[in-house]
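Enquirer: Pasting the sequence and the predicted model now:
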Amino acid sequence: QVQLVESGGGLVEAGGSLRLSCAASGRTVSNYDMAWFRRAPGKDGVFVAYLAWSDGSTKYADSVKGRFTISKDNAKNTVYLQMNSLNPEDTAVYYCAAQYGTSRSYESASGWRYWGQGTQVTVSS
């Protein structure tokens, strides 16, 4: 079993930055695909960013491409989401997800077995 705990959320003004962390425990996630999803108020959860364990390749939702960066520190068993140039549309609860090996559907919640409890990000205008 893998436990995921997100942190780093908070309130930030538009144009600001935040770095979210997702600390994994229970097992090392060096050979796990990792991802971030978010759910805005009144909306369904959506894919944000993906990191492949096999080659370190990344994928991003169009809405965050060029502003967000996903990374992983295997020594710390932690995944990060650096978020720059935030705008109010980025307001959401952000969730970290993990899947052993390669996720079969990285943009879908069904492609991920392990989830964190989420961290709130609020961007004021």
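Expert: The structure has been received and is ready for your questions. As the structure is a prediction and not an experimental result, all values here were calculated from the model.

Enquirer: hey, where'd the strands end up in this structure?
Expert: Per DSSP state E, the chain carries strands over the ranges 3-7, 10-13, 18-25, 32-39, 45-51, 58-60, 68-73, 78-83, 92-100, 114-115, 119-124.

Enquirer: per-residue confidence at the residue nearest in space to the middle of the chain?
Expert: With distances taken as CA atoms, centre = their mean, the residue of the chain nearest its centroid is residue 36 (2.2 Å). At residue 36, the predicted lDDT confidence score is 98.

Enquirer: May I have the beta-bridge partners of it?
Expert: Residue 36 has these beta-bridge partners by DSSP bridges: residue 49, residue 96.

Enquirer: Please report how far it lies from residue 61.
Expert: 9 Å (CB to CB, to the nearest Å). For every residue, glycine as well, the C-beta is placed using N, CA and C.

Enquirer: Now the common contact residues for those two.
Expert: The contact sets of residue 36 and residue 61 overlap at 48, 49 (CB atoms under 8 Å, 6 or more residues apart in numbering).
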